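> Model the structure of this input:
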Amino acid sequence: QVQLVESGGGLVQAWGSLRLSCTASGRTFSSFAMGWFRQTPGKEREFVAAIKWSGDTTYYADSVKGRFTISRDNAKNTVYLQMNSLKPEDTAVYYCAQDHVMYGNRLSSVSTEYDVWGQGTQVTVSS
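Below you'll find the model as predicted:
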């Protein structure tokens with residue numbers, strides 16, 4: 001059984017930083033692309049960033065480009081989301097997810113392309 005566990009969320013002031021972590025177990029982590037999504041009450045889950053299984057390609061939503069950085073450490077089965085210059089509109093529950101394709105060549109922003117999800121971690125940015 002694959003399991004993803006996020007950590008690192010919390011309360012931060014605007015323009016501050018947080019680093020989220022997501023640790024995987026149960027399926028070969030290094031074989032799959034990973035993504036971060038976020039969701040606020042009443043809204044659909046929104047794509048944030050994705051990283052290829054090899055770690056050499058990344059993809060960001062326009063709303064976070066230049067402020068957030070996704071990275072991975074395959075030796076630790078962990079993917080990270082470094083969030084800088086945070087804004088109140090970044091407030092959401094953040095989820096990590098694992099792509100359903102092994103050794104895929106493209107990164108997706110579509111949530112249905114990811115078949116394993118973590119439980120989410122709350123990020124709150126105060127103004």
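
> What distance do you get for the residue lying closest to Thr69 once chain neighbours are set aside to Ala49?
Leaving aside its chain neighbours, Thr69 sits nearest to Gln82 (4.4 Å; criterion: C-beta to C-beta, 6 or more residues apart in numbering). From N, CA and C alone the C-beta is placed, and that goes for glycine too. As for Gln82, its distance to Ala49 is 10 Å (criterion: C-beta to C-beta, to the nearest Å).

> thinking again about what came up before, tally of neighbours for the residue nearest to Thr69?
By other C-beta atoms under 10 Å, 15 other residues sit near Gln82.

> Quick check: what element follows the host helix or strand of it along the chain?
In this structure, Gln82 is located in strand 78-83 according to DSSP states H and E. Next along the chain after strand 78-83, taking DSSP H and E as the criterion, comes strand 92-102.

> Please identify the pairing partners of that next one and their relative orientation?
Sheet pairing for strand 92-102, assigned by DSSP bridges, gives strand 32-39 (antiparallel), strand 114-117 (antiparallel), strand 121-126 (antiparallel).

> Of all the residues in that strand, which ones are buried?
For strand 92-102, burial by neighbour count (16 or more other C-beta atoms under 10 Å) applies to Ala92, Val93, Tyr94, Tyr95, Cys96, Ala97, Gln98, Asp99, Val101.
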